[in-house]
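A.B. asks: Next one to model:
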Amino acid sequence: MSGSKKIIELGIQELALSGDGVGRYESKVCFVPFSVPGDRLRVRVTRDRKNFSRCRIIEIIEPGRGRRDPPCRYFYKCGGCAWQHMDEEVQLYAKAGILSGSLGIDAVDFTRSGPAFDYRQTARFNLSGSEDGSIMIGSRKPRSHETVDIVSCPVVKPEINSGLEVVRKLLAGAFTGEMELVLSSGSSGTAAVFYSTRALGPEFYRAMERLASAGIKSIILNVDDHRSVISRTGRLIVAGSDGHDLSVPADGFMQACRDTNLEIGSTMREWLEEHDFSGAMELYAGSANLTVSIAPFVKKTITAELDTHAAKAARENIDSRKIRGVTIYGMDALKAYVSYGRKTDLVVLDPPRDGNRDLARAISEGNHRAVVYVSCNPATLARDLKCLETGGYSMVRARGFDMFSQTAHMEAMVLLVRGG
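C.D. replies: Numbering: from 1, shown residues only. Predicted coordinates:
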């Protein structure tokens, strides 16, 4: 293919981890956003490289199975979702294929728990204020820095959409420029966290007071990494993986979908019941969301979490459940593992999307019977598992969870045993 304006016909065979459809033309891989396996398309080549091309749909000659009109009016502009144009059955099948392919196995159990819409209990938005006092709130366009202004989002919980409306109304005229906004909802109410890289004027702080009066229970402002709790509390109450109340910092990590988080907890308990572990170390433990499903099944548990606010909440969550034998360290995962975790029976880790290859290498050299790895990125999961395999670990259980319906993202959990 030559030139960025060439038009070709293409059949879509599968979906990539990025969410784009994958077809082939003259032996070259072509990535096509908003396509569905089985689609026959006329596309324009927008970017041509030696090993791949990126294309844009001009015409759907023949639709693939499961193609539908997206329920959200912002879908083709907003970069928040990638798969609303296909039904949930096709989404699940595609995610199962992506995960099993990444893990190098024939098939993997992959399930959804809860609704496909109105499920997200936390979401990040771009927030911008103009000189005329107007407010824009939304997500960026795909592969763009331009914000798509949205009134409501069908993927988030209704309380978050209500929060969007309140923020839009009460922050009008309070600032100019851009910042990030995270809205979350739980049983204790709605939380709003603002991230700005520059100082804000007094009118913005007066707007924060108005937000609190309007019912936003937890408000946190982070200006250039300086954290201020504006409201009476910086916490939010959500459901932990064991189904009971979990107190979390409003600006800390929390799982996107309550029902999927419960399913992960149930799976964790099911896997641990099959073994008799005397001690466990959990890395990237957060506010003890998974700890509450791990600690009851082992005699002693050590956890590590670098975020001091989350580590403090974790202590309170463990104590409120009267779970004994849990030691919590507020420190880096790798440093904590090297200092305290090399000889525990079990290691559980739930790192960010980038994974942690150095940590996986260190764990591979430790003296453990088993490792449970929880991940939201099949690519880095597969990479880190290869490190663990060099230490004699073999994967014996794997399961995928549709934590992020309408997107290509997913959650996965793998159990490895030494010599298995």
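A.B. asks: contacts and neighbour counts: CA atoms only from here.
C.D. replies: Will do.
A.B. asks: Please parse the chain into its domains.
C.D. replies: Following automatic domain parsing, one finds the domains of the chain at 1-67, 122-236, 255-418.
A.B. asks: Which among those domains is found nearest to K95?
C.D. replies: domain 255-418 (7.1 Å; C-alpha to C-alpha).
A.B. asks: Ends of the closest one, what's the gap?
C.D. replies: Its first and final residues considered, domain 255-418 spans 29 Å by C-alpha to C-alpha, to the nearest Å.
A.B. asks: roughly how far out does it sit from the chain middle?
C.D. replies: For domain 255-418, the separation from the chain centroid amounts to 16 Å (computed by C-alpha atoms, centre = their mean, to the nearest Å).
A.B. asks: Stretch 199-210 too?
C.D. replies: From the chain centre to the centre of stretch 199-210 is a distance of 30 Å (C-alpha atoms, centre = their mean).
A.B. asks: could you give the mean pLDDT of that stretch?
C.D. replies: Stretch 199-210 carries an average pLDDT of 95.
A.B. asks: circling back: got JSON lines for the domains of the chain, with mean neighbour count and distance to A82 too?
C.D. replies: Formatted as JSON lines, the domains of the chain follow (neighbours: other C-alpha atoms under 10 Å; distance: least, C-alpha to C-alpha, whole Å):
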{"stretch": "domain 1-67", "mean neighbour count": "18", "distance to A82": "6"}
{"stretch": "domain 122-236", "mean neighbour count": "18", "distance to A82": "9"}
{"stretch": "domain 255-418", "mean neighbour count": "20", "distance to A82": "5"}
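A.B. asks: Make a markdown table out of those and add distance to C81.
C.D. replies: What follows is these, written out as a markdown table (distance: least, C-alpha to C-alpha, whole Å):
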| stretch | distance to C81 |
| --- | --- |
| domain 1-67 | 9 |
| domain 122-236 | 9 |
| domain 255-418 | 5 |
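A.B. asks: Quick one, which of those domains gets closest to R73.
C.D. replies: The minimum distance between R73 and the domains of the chain falls on domain 122-236, with 9.3 Å, by C-alpha to C-alpha.
A.B. asks: From the chain's centroid, how far away is that closest one?
C.D. replies: 20 Å.
A.B. asks: Straight-line length of it, end to end?
C.D. replies: 11 Å.
A.B. asks: I'd like the numbering to begin with 47 instead of 1 from here.
C.D. replies: Sure, I'll start numbering at 47, so the last one becomes domain 168-282.
A.B. asks: Tell me which of the domains of the chain sits nearest to A153.
C.D. replies: The nearest among these, by C-alpha to C-alpha, is domain 301-464 at 9.5 Å.
A.B. asks: on that earlier part again, quick one: closest of the domains of the chain to D155.
C.D. replies: Proximity to D155, assessed across the domains of the chain by C-alpha to C-alpha, is greatest for domain 301-464 (5.1 Å).
A.B. asks: on that earlier part again, and the domains of the chain: which comes nearest S148?
C.D. replies: Among the domains of the chain, domain 301-464 sits nearest to S148 (C-alpha to C-alpha), with 5.9 Å.
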